[in-house]
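In: give me coordinates for this.
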Amino acid sequence: MPDAHRVLEICGEGRTDIGNVVSPPESRTEPQPPTQGVVPVLPHKLCSEPATMRGVRRAVPHLQGKGLWQKVKFAKQTALYNRSAGAVFVMDSEGNHRGRLAE
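Out: A predicted model of the protein is given here:
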């Protein structure tokens, strides 16, 4: 039996951050190899590129919750519910930086 995959839940804003999130929606929940976007590739490299690491990528605007703190909380709960190895949540510092930082 092959080794089980270690899955990271990855949430970010754009293609540069998380890669191209594909559609239809059901294909967004399938763990993918960390080949697209800065955020999936970075932990893969930092962990010495394990062959079993996969990522589920989600765009922040599509997460449940109106406020940023609600979206972060939902991302963490989703990772726990899915029994993922962890969650990574990134936001750009452009625009309303002070507002986002305060939230």
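In: in this protein, which spans are helices?
Out: For the chain, helices defined by DSSP state H occupy the ranges 15-18, 38-46, 68-81, 97-102.
In: can I get those helices in CSV with mean neighbour count?
Out: (C-beta placed from N, C-alpha, C; glycine too.) Output for those, formatted as CSV (neighbours: other Cβ atoms under 10 Å):
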stretch, mean neighbour count
helix 15-18, 17
helix 38-46, 16
helix 68-81, 16
helix 97-102, 10
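In: among those, which is nearest residue 59?
Out: Set against residue 59 and scored by Cβ to Cβ, the helices of the chain come closest in helix 15-18, at 7.0 Å.
In: who are the packing partners of that closest one?
Out: Packed against helix 15-18, as judged by 3 or more Cβ pairs under 8 Å, 6 or more residues apart in numbering; DSSP states H and E, are the following elements: strand 6-12, helix 38-46, strand 53-59.
In: now that helix: average pLDDT?
Out: Helix 15-18 shows a mean pLDDT of 85 in the predicted model.
In: go ahead and name everything in contact with that helix.
Out: Outside helix 15-18, the residues within contact range by Cβ atoms under 8 Å, 6 or more residues apart in numbering are 10-12, 36-40, 57-59, 90, 92.
In: which of these sits closest to residue 102?
Out: Nearest to residue 102 among these: residue 92, at 15.7 Å, using Cβ to Cβ.
In: what's the spacing between the closest residue in space to residue 12 that isn't next to it in sequence and residue 92?
Out: In this structure, residue 12 finds its nearest non-sequential neighbour in residue 18, 4.0 Å apart by Cβ to Cβ, 6 or more residues apart in numbering. Computed with Cβ to Cβ, to the nearest Å, the distance linking residue 18 and residue 92 is 12 Å.
In: which residues does residue 19 contact?
Out: Residues in contact with residue 19 (Cβ under 8 Å, 6+ apart) are 35-37, 40, 57.
In: put together JSON lines for those, with pLDDT and distance to residue 72 on each row.
Out: Output for those, formatted as JSON lines (pLDDT from 0 to 100; distance: Cβ to Cβ, whole Å):
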{"residue": "35", "pLDDT": "88", "distance to residue 72": "25"}
{"residue": "36", "pLDDT": "86", "distance to residue 72": "22"}
{"residue": "37", "pLDDT": "88", "distance to residue 72": "19"}
{"residue": "40", "pLDDT": "90", "distance to residue 72": "18"}
{"residue": "57", "pLDDT": "89", "distance to residue 72": "16"}
